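Engineer: Predicted model, plus sequence, below.
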Amino acid sequence: MDQAADPDFLADFTAALDWWREAGVDCDFFDQPRTWLSRSETQTEEHPAPARRASREQEETAAPLARIDRASLPQDLAAFASWWLDEPLLDDGGLGERIPPRGPAGAKLMIVIEEPEPQDREKLLTGPQGRLLDAMLSAAGIGRDGVYLASALPRHTPAANWSALAERGIGQILAHHVSLVAPERLIVFGGNTLSLLGHESPQRAAVPSQHNQEGQAVPMLACWGLLALLKQPRAKLAWWKAWLEWTAC
């Protein structure tokens, strides 16, 4: 018959383990280093180690990216909107569907964001970032209907590789998009979007600047991303002050 466990022994044993654990000695150590993942430890002839898959960065480095030829871009906004939804080289897929830009040509104000929100369907900025933008525009006495709203990427793309996208020519596409719209003023949200257009991300929430488009200087307000503005209440106040300064010119 099995004997019942000695409760005193179990208590002493548990107390000893707890003491060593509190002392920080709860692992076994060797004086000599050991290669735990060496070939001899992980692979045999009967069970070879699986081939390691190259990282996304290694794959992109090994395979040259197909670059979009700017000469092949549509030359009017209607054709560009259709091309934006169908061109396979614009991205490698992402979450959700592609979202078209919206607004009139020659708009008094063009707004460019980095990418659609995760919940966007059919139109841009239908989530919290959109509500923030609507509140900002409302305070300025502007409705969305009079604004041309566009994104640098056609769909929501978590952890986008912006360097690879720039090499693919996304920056030139964005600059071409701005030239087709020919806005009177331009607001650019997000450091990645600004970088695609050849500008640096501002140190403050918003900084008045200019965007040189085919020899013409377009007044531009360079801003942090809408998501960053949402997280920092003081940044929204700084943005408003920059807006007042920019529109007073």
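Structural biologist: That came through fine. Numbering: from 1, shown residues only.
Engineer: Helix or strand with the lowest mean pLDDT in the protein?
Structural biologist: Lowest by mean pLDDT, DSSP states H and E among the helices and strands of the chain is helix 56-62, with a mean of 47.
Engineer: next SSE after that one?
Structural biologist: Later in the chain than helix 56-62, the nearest helix or strand by DSSP states H and E is helix 77-86.
Engineer: from the chain's centre, how far out does that next one sit?
Structural biologist: 22 Å (CA atoms, centre = their mean, to the nearest Å).
Engineer: Tell me the secondary structure of M220, please.
Structural biologist: Recorded secondary structure, M220: strand (DSSP: H, G, I helix; E, B strand; the rest coil).
Engineer: please begin residue numbering at 51 from this point
Structural biologist: All right, first residue 51 from here; so that's M270.
Engineer: what residues are up against it?
Structural biologist: M270 is in contact with R235, L236, I237, V238, H249, P258, S259, Q260, H261, counting by CB atoms under 8 Å, 6 or more residues apart in numbering. The way it works is simple: take the backbone N, C-alpha and C, and place the C-beta from them, glycine included.
Engineer: one more time with 7 Å, if that's ok
Structural biologist: L236, V238, S259, Q260, H261 (CB atoms under 7 Å, 6 or more residues apart in numbering).
Engineer: So the third one lies in a strand, does it not?
Structural biologist: In this case it means S259. Yes - the assignment for S259 is a strand, going by three-state DSSP.
Engineer: Report the beta-bridge partner residues of it.
Structural biologist: Beta bridges link S259 to M270 when assigned by DSSP bridges.
Engineer: isn't it right next to P269, touching?
Structural biologist: No - S259 is beyond contact range of P269, at 8.1 Å (criterion: CB atoms under 7 Å).
Engineer: As a check, name the ranges of all strands in the chain.
Structural biologist: 159-163, 197-201, 235-239, 256-263, 266-273 (DSSP state E).
Engineer: Need the contact partners of the first one.
Structural biologist: The reference is to strand 159-163. Taking CB under 7 Å, 6+ apart as the rule, strand 159-163 contacts 175, 192, 197-202, 224, 228, 231, 233, 235-240, 243, 276.
Engineer: Just the angle for that strand relative to strand 256-263, thanks.
Structural biologist: Angle, strand 159-163 to strand 256-263, by axes from the mean of the first three to the mean of the last three CA atoms, to 10 degrees: 100 degrees.
Engineer: for strand 159-163, what is the average pLDDT?
Structural biologist: Mean pLDDT, strand 159-163: 98.
Engineer: ok, that strand: who's next to it in the sheet?
Structural biologist: Going by DSSP bridges, the partners of strand 159-163 are strand 197-201 (parallel), strand 235-239 (parallel).
Engineer: Next, the angle from the last one to strand 266-273.
Structural biologist: With the same axes, to 10 degrees as the basis, strand 235-239 and strand 266-273 are set at 40 degrees to each other.
Engineer: which residues make contact with stretch 221-238 from outside it?
Structural biologist: 118, 120, 123, 126-127, 130, 155-162, 198, 200, 202, 244, 246-247, 261, 263-264, 268-273.
Engineer: So which bits of it are buried?
Structural biologist: Buried residues in stretch 221-238, counting neighbours by 16 or more other CB atoms under 10 Å, are found at 221-228, 230-233, 235-238.
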